[in-house]
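> Turn this into a model:
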Amino acid sequence: MAKTKRKDESIASRLRAPKGRVSLADHDPAATPGIHGDRKEREAALIALAPQLADLQERLFADGKTGGKRSLLLVLQGMDTAGKGGVLRHAAGLFDPQGLHLKAFKAPTAEECKHDFLWRIEKEVPAAGMVGIFDRSHYEDVLIARVRKLAPAKEIERRYRAINDFEARLAASGTVIVKCMLHISAEEQRKRLLARLDDPTKHWKFNPGDIDERALWSDYQAAYQLALERCNPDTAPWLIVPSDHKSYRNLAVGHVLLEALESFGLGWPPGGFDVEEQKLRLAAT
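Here you go, the predicted model:
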């Protein structure tokens, strides 16, 4: 079985992006911090987390159904093939779907473009008791928008501040925000794109535009570094998740989700009724 960190060394703390200047070159995409074992051991360890995740998610759901205000938001960002879909299937896939709210943000529609960039984001934040997941997110508006010059530099600067204000409001309302930058190497991305081309059953996943975006690799790395630097408060910190090893990536995110749910410290909400009275009523039926 894959071994994990000591109790006082959470996976989240190991993956936390540094305050101030961030250089992705200093973070090895093939590293496995805090977790030891081979692929099969890591896959088994992730499955072993399922009962704990299910229990804690149900407590959160119950809390929301009985007046609680807490929720959890997982933000997934990364270059193409970094594994957002894999995290959804293997880590988030351990959750009960009824307590999940998943939103994949694509290019904004004509209607969405008429509003501020956060307009469509605000509508998708998780309700009380829910685990929300953003497959891509509001950060696209300072990533691809910066690289592809889809907005003026002054507007990009405003967006960093708007994102910080938005996340601060969300955290103050009771939402724990987990932001994972899935960090993949250029060589590993090349291998994964080639694997899609070599497998006819994966051609539907291949987008020729991915190669165009790959040509801008250094620009995207710079844009990610700026986003990590400018939007990394303690209330919504960035985690840099090494993602060259899929099994590590999935298990690491699984542990981070577990740690976030544990941070709520939730028990089971009491019923608003007299238990013995209800037993007597039931016995009489």
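> residue ranges of the strands in the stretch 101-250 of the chain, please?
131-135, 175-183, 238-242 (DSSP state E, counting those that start in this stretch).
> got the angle between the first one and strand 175-183?
The reference is to strand 131-135. 30 degrees (axes from the mean of the first three to the mean of the last three C-alpha atoms, to 10 degrees).
> and the closest residue to residue 147 other than its chain neighbours, what pLDDT?
Distance criterion C-beta to C-beta, 6 or more residues apart in numbering; nearest residue to residue 147, sequence neighbours excluded, is residue 219 at 4.7 Å. (C-beta placed from N, C-alpha, C; glycine too.) Looking at residue 219, its pLDDT reads 97.
> Quick check: the residue nearest to residue 211 when sequence neighbours are not counted vs residue 212, distance?
Once flanking residues are discounted, residue 211 sits nearest to residue 193: 7.3 Å by C-beta to C-beta, 6+ apart. With distances taken as C-beta to C-beta, to the nearest Å, residue 193 is found 12 Å from residue 212.
> Return every residue with contacts to both of these two.
Here residue 193 and residue 212 have no joint contacts, going by C-beta atoms under 8 Å, 6 or more residues apart in numbering.
> more neighbours, the two?
Taking neighbours as other C-beta atoms under 10 Å, residue 193 and residue 212 compare with residue 193 leading, 19 against 9.
> how about the helices in the stretch 151-285 of the chain?
In the stretch 151-285 of the chain, the helices defined using DSSP state H, counting those that start in this stretch lie at 153-172, 186-198, 209-214, 217-230, 246-262, 275-283.
> same thing with the stretch 1-150 of the chain?
11-15, 39-48, 50-65, 84-90, 119-122, 144-147.
> close enough to count as contact, residue 91 and residue 250?
Yes: the pair residue 91 / residue 250 is scored as a contact, 5.0 Å apart, by C-beta atoms under 8 Å.
> can you tell me how far the residue lying closest to residue 103 once chain neighbours are set aside sits from residue 41?
With C-beta to C-beta, 6+ apart as the criterion, residue 103 has its nearest non-adjacent residue at 4.3 Å, and that residue is residue 124. According to C-beta to C-beta, residue 124 stands 36 Å off from residue 41.
> again with residue 229
35 Å.
> And the pLDDT at residue 272?
Looking at residue 272, its pLDDT reads 89.
> for residue 4, that is, sorry about that
Reading off the model, residue 4 has pLDDT 59.
> next one: the one 4 residues further on
pLDDT for residue 8: 55.
> ok, back up a step: make TSV out of the helices of the stretch 1-150 of the chain and add mean neighbour count and distance to residue 72.
TSV is the format used below for the helices of the stretch 1-150 of the chain (neighbours: other C-beta atoms under 10 Å; distance: least, C-beta to C-beta, whole Å):
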stretch	mean neighbour count	distance to residue 72
helix 11-15	20	13
helix 39-48	16	18
helix 50-65	18	7
helix 84-90	19	14
helix 119-122	16	16
helix 144-147	19	26
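> how about CSV for those, with mean pLDDT added?
CSV is the format used below for these (pLDDT from 0 to 100):
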stretch, mean pLDDT
helix 11-15, 97
helix 39-48, 97
helix 50-65, 97
helix 84-90, 96
helix 119-122, 98
helix 144-147, 96
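> quick one: which of those is nearest residue 201?
Set against residue 201 and scored by C-beta to C-beta, the helices of the stretch 1-150 of the chain come closest in helix 84-90, at 14.9 Å.
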